[in-house]
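Participant: Just the structure for this:
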Amino acid sequence: MTDTIPPDLYRVARMGWHVLPVHAASRAACFRGAVDHATCEPDIIARWAARWPGCGWRVVCGPSRLFALDVDRPGTHAADGVAALAALVRRHGPLPPRPMTRTGWSG
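Facilitator: All right, here's what the predicted structure looks like:
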């Protein structure tokens, strides 16, 4: 059944990252209470992938033992996340190597 899971999604699940399906157009969870049911179990993920083909996927940080740094560009929010991060890097040094992603929403 795990052959229905996209390879990148299967890889993050094997790393212990808990995921949930989201609507591609809105990033809203595909079902009520999904955050509480996020999982890294391939059989459950495969069932969700079959039920919501073409959906997006969201990683839930807490149970995955991750944290995320969301840096928003100037003008999209009241604060300038890019300038704030640059100031932190100047003060404390560069961020360590890490996985990164870029979203199309606010920067």
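Participant: mind listing the helices for the chain?
Facilitator: Assigned by DSSP state H, the chain shows helices spanning 7-14, 34-37, 42-51, 61-64, 81-92.
Participant: give the contact list for Ala50.
Facilitator: Thr4 (CB atoms under 8 Å, 6 or more residues apart in numbering). All C-beta spots, glycine's among them, are computed from the backbone N, C-alpha and C.
Participant: What separation do you get for it and Trp17?
Facilitator: Separation of Ala50 from Trp17 (CB to CB, to the nearest Å): 20 Å.
Participant: burial measure for Ile5, as a count.
Facilitator: Around Ile5 there are 20 other residues, counting by other CB atoms under 10 Å.
Participant: confidence score at the residue in the chain sticking out farthest from the centre?
Facilitator: When distances to the mean C-alpha position of the chain are computed (CA atoms, centre = their mean), the maximum falls on Arg91, with 27.8 Å. The model reports Arg91 with a pLDDT of 96.
Participant: Check Gly104 too.
Facilitator: 60.
Participant: Next: the one 3 residues further on.
Facilitator: At Gly107, the predicted lDDT confidence score is 49.
Participant: just checking, Ala68 touches Cys61?
Facilitator: Yes: contact criterion CB atoms under 8 Å: Ala68 and Cys61 qualify, at 5.5 Å.
Participant: More neighbours: which of these two?
Facilitator: Set Ala68 next to Cys61 and count neighbours by other CB under 10 Å: Cys61 wins out with 13 against 7.
Participant: Let me see the contact set for Arg14.
Facilitator: Contacts for Arg14 (CB under 8 Å, 6+ apart) come out as 40, 42.
Participant: Okay, domains of this protein per the record?
Facilitator: 2-64, 69-95 (automatic domain parsing).
Participant: highest average neighbour count across the ones you listed?
Facilitator: Ranked by mean neighbour count, the domains of the chain are led by domain 2-64 with a mean of 15 (mean count of other CB atoms under 10 Å).
Participant: Quick check: chain neighbours aside, which residue is closest to Cys55?
Facilitator: Pro21 (4.3 Å; CB to CB, 6 or more residues apart in numbering).
Participant: Alright, that wraps it up for me.
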